[in-house]
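Asks: How does the following fold in three dimensions:
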Amino acid sequence: MKYSLFFGIIFWVFQSQAQSYHGTWLAYETDGTKKSHLDFYKVNGKLYAKLVYYYPNKKRGENPVCSKCEGERKNQPIIGMQLTSGLVWNGAEWDGKMLDPETGKWYKIKIWIDKDNHQKMYVRGYLGVFFETREMFLVK
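Replies: Here you go, the predicted structure:
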């Protein structure tokens, strides 16, 4: 009995942690202006992100395409584009790769939810040993 209760609690903790990533998250530019909305969703145990809204600016206009991307994403609309390779849960955070549609480059990333504010997510992108961490905020 106590083992089933223990495993039930463990399952609930991991399930609730994984579900908290689902939804639409607001990303900001480095200067603090709003950049985009990303919709995070889970398929077959992996986490994916799709760009659902891009705030227009002078550089990219209203309906940008991924002109610097390679392969099937080349010159495709950025809105609706899947930007992650299928992130894998490592027990504490999600690991994988994310596309920067402005440069066409893939970067290794880690994402995790703020322990004190479950409506704040951190995305850390790596370029070799260097990294940059950005905050995202839950929209819905």
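Asks: What count of nearby residues applies to the residue lying closest to residue 68 once chain neighbours are set aside?
Replies: Once flanking residues are discounted, residue 68 sits nearest to residue 104: 3.2 Å by C-beta to C-beta, 6 or more residues apart in numbering. For the C-beta atoms, the positions are set from N, CA and C on the backbone; glycine is no exception. The tally of other residues near residue 104 (other C-beta atoms under 10 Å) stands at 15.
Asks: how about the helices in this structure?
Replies: Counting by DSSP state H, the chain has helices at residues 2-19.
Asks: what bridges to the most centrally placed residue in it?
Replies: Centroid-nearest residue in the chain, with C-alpha atoms, centre = their mean: residue 49, separated by 5.1 Å. Counting by DSSP bridges, residue 49 is bridged to residue 40.
Asks: returning to that earlier point: who are the neighbours in contact with the residue nearest to residue 68?
Replies: Contact analysis of residue 104 by C-beta atoms under 8 Å, 6 or more residues apart in numbering lists 66-70, 73.
Asks: Could you list the low-pLDDT ranges of the protein?
Replies: By pLDDT under 70, the low-scoring segments of the chain are 1-19.
Asks: From residue 138, how far off is the residue nearest to residue 106 when sequence neighbours are not counted?
Replies: Closest residue in space to residue 106, ignoring its immediate chain neighbours: residue 97 at 4.7 Å, by C-beta to C-beta, 6+ apart. To residue 138, residue 97 is 23 Å away according to C-beta to C-beta, to the nearest Å.
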